[in-house]
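# got a structure for you, letters missing:
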Ligand code: S3P
């Protein structure tokens, strides 16, 4: 298990206008995939802009333990010399993915059709999260696994000796499940197909194509089908990781709710499977400009500018959830500063993220004086208008980086300081968050334990 860490409580105080032009770290989803596909490719994959957050570094360490050569040079460029599809070696020790669901689930898919045994673990949060969603389809390839009750970590998986190709209808809208199946399919014969009802982020498909795999997306009566050709050979290609829209959401949200603010975040990934928050914010009346749209590293990116806005509550269409699944915590905070009620539904998946995010947001907002109704699959927030949140609460972050950042954003615009009990997990996805926010004028203060 991951060693216990010491908590780092942090407070966010009511702040004056936030101003500035910044860049946030690289996209977490693309960073994990760059390391994993790099490890499965032939040749050297050179990665610029990799997110050096703890989650991604764990994936890099796991790929090294599986035999890839993973290093970072003095310029912050990462180099992965891959072992080729099917070339992973059995790791000598346990693969510890820390807090990262994406890292562990994609890695399970990557090893599931190679006949080696791997033991996977993570921190207390990750050990609570369901793994059956990937273990079930991976068993169909012939992988065997033994873990704790309900498929919880730690668990040991032995990859299929003679892998079978699989056609699988995913019961959950999950890019992690889709990716695990597609990665396993690379070392199976024939074709592997994943059918998803709702479109989830498509970075694995895009990157597999860039590495030379055969990937087809077709319409299907249950949604759409993604098919990958088996016994693939992946060829290393350079990867430029764009800025993470899920991280950009925090400074932009702060600008929308702190009076007189104007913040620009440059080079943000605007892939439509990830950009749902920005559509939602515009419907709420946000002054949000999408500047200089362009393509970088095969993905659409833009410079986003947010200015303080008088927002109104809306009903967020539930079918938009997959394109903004990680943004609901910060949206719930923004909703508290809007006039009227915001209804967010179709969010059952939020209950099995790094924390139960529906419960964590409801508890935290109530602690800050906001009226909230917690639903089985969502949240209804009664907005108090600009400057209306009383604040003053101490938030249990539940080992969840996005809960911590969301409430620190809230505190900058609330009437009284908002405290989070532990900001340490922010480093999983957004190293440098506090310095960046303080650079914009946000008042964040370290608190005594
Ligand atoms: C991710 C997929 C999403 C998301 C996570 C990253 C990915 O999870 O919440 O932060 O990179 O594939 P699910 O696949 O469980 O929806």
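Yep, that arrived. Worth saying up front: this structure is predicted, and the values here are computed from it rather than measured.
# which residues of the stretch 1-150 of the chain fall in strands?
10-13, 19-22, 44-48, 69-72, 78-81, 95-96, 117-121, 144-148 (DSSP state E, counting those that start in this stretch).
# Looking at those, which one is packed in the most?
strand 95-96 (a mean of 24; mean count of other CB atoms under 10 Å). Placement of C-beta: from N, CA and C, glycine included.
# what's the offset of that one from the middle of its chain?
Relative to its chain's centre, strand 95-96 lies at 19 Å (CA atoms, centre = their mean, to the nearest Å).
# Strand partners (parallel or antiparallel) of it?
Within its sheet, and counting by DSSP bridges, strand 95-96 is paired with strand 117-121 (parallel).
# between the partner strand and strand 144-148, how big is the angle?
With axes from the mean of the first three to the mean of the last three CA atoms, to 10 degrees defining the directions, strand 117-121 sits at 30 degrees from strand 144-148.
# what's in contact with strand 117-121?
1-2, 66, 90-91, 94-97, 104, 107-108, 111, 127, 153-159 (CB atoms under 8 Å, 6 or more residues apart in numbering).
# Same check on stretch 164-171?
Against stretch 164-171 from outside (CB under 8 Å, 6+ apart): 133, 137, 140-142, 177-178, 181, 184-185, 188-197, 222, 230.
# And the buried ones among those residues, selectable in PyMOL?
Buried residues within the contacts of stretch 164-171, by 16 or more other CB atoms under 10 Å, are selected in PyMOL with:
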select buried, resi 133+137+140+141+142+177+178+181+184+185+188+192+193+194+195+196+230
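# Please narrow the contacts of stretch 164-171 to those residing in helices.
133, 137, 140, 141, 177, 178, 181, 184, 185 (DSSP state H).
# Pick out whichever of these sits closest to the ligand.
Nearest to the ligand among the ones in helices among the contacts of stretch 164-171, counting by CB to the nearest ligand atom, is residue 177 at 6.3 Å.
# Settle this for me: the closest one is touching residue 102, isn't it.
No. Taking CB atoms under 8 Å as the definition, residue 177 is not a contact partner of residue 102, at 11.1 Å.
# rewinding a little: with pLDDT and distance to the ligand added, can I get the ones in helices among the contacts of stretch 164-171 in a markdown table?
Converted to a markdown table, these look like this (pLDDT from 0 to 100; distance: CB to the nearest ligand atom, whole Å):
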| residue | pLDDT | distance to the ligand |
| --- | --- | --- |
| 133 | 98 | 8 |
| 137 | 98 | 13 |
| 140 | 98 | 19 |
| 141 | 98 | 19 |
| 177 | 98 | 6 |
| 178 | 98 | 7 |
| 181 | 98 | 12 |
| 184 | 98 | 15 |
| 185 | 98 | 16 |
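# Distance check, the closest residue to residue 138 other than its chain neighbours against the ligand.
Nearest residue to residue 138 in three dimensions, chain neighbours excluded: residue 112, at 4.2 Å (CB to CB, 6 or more residues apart in numbering). According to CB to the nearest ligand atom, to the nearest Å, residue 112 stands 16 Å off from the ligand.
# Quick one, which of the contacts of strand 117-121 are buried?
Judged by 16+ other CB under 10 Å, buried ones among the contacts of strand 117-121: 2, 66, 91, 95-97, 104, 107-108, 111, 127, 153-155, 157-159.
# Spell out which residues of this protein are next to the ligand.
29, 102, 174, 175, 176, 179, 201, 325, 326, 349 (CB under 6 Å from any ligand atom).
# Test my guess that the fourth one contacts residue 206.
Which is residue 175. No. If you go by CB under 8 Å, residue 175 and residue 206 don't touch, sitting 11.6 Å apart.
# okay, these two: which has more neighbours?
More crowded of residue 175 and residue 206, by other CB atoms under 10 Å: residue 175, with 25 against 18.
# For residue 343, grab the count of nearby residues.
Other residues close to residue 343 by other CB under 10 Å number 16.
# ok so, going back, and of the strands of the stretch 1-150 of the chain, who's closest to residue 217?
strand 44-48 (23.6 Å; CB to CB).
# Please enumerate residues in contact with the closest one?
With contact meaning CB under 8 Å, 6+ apart, strand 44-48 is reached by 31, 34-35, 37-38, 76-82, 236-241.
# Let's see that with 10 Å instead.
Strand 44-48 has contacts (CB atoms under 10 Å, 6 or more residues apart in numbering) with 26, 30-31, 34-35, 37-39, 60, 68-70, 72-73, 75-82, 211, 234-241, 297.
# Secondary structure element holding residue 247?
helix 245-257 (DSSP states H and E).
# What mean pLDDT does the helix or strand that that helix is followed by get?
As assigned by DSSP H and E, the chain's next helix or strand after helix 245-257 is strand 262-269. In this model, strand 262-269 carries a mean pLDDT of 98.
# Check which helices and strands strand 262-269 is in contact with.
strand 19-22, helix 245-257, strand 287-296, strand 299-307 (3 or more CB pairs under 10 Å, 6 or more residues apart in numbering; DSSP states H and E).
# how distant is the first one from the center of its chain?
The gap between the average C-alpha position of strand 19-22 and the chain average comes to 23 Å, counting by CA atoms, centre = their mean.
# Over to stretch 56-69?
Using CA atoms, centre = their mean, the offset of stretch 56-69 from its chain centre is 19 Å.
# Kindly report the same for stretch 105-117.
21 Å.
# which residues sit in contact with whatever residue of the stretch 1-150 of the chain ends up closest to the ligand?
Per CB to the nearest ligand atom, residue 29 is where the stretch 1-150 of the chain lies closest to the ligand, at 3.2 Å. By CB under 10 Å, 6+ apart, the residues touching residue 29 are 51, 56, 102, 106, 175-176, 179, 201, 203-204, 207, 241, 244-246, 269, 271, 273-274, 326.
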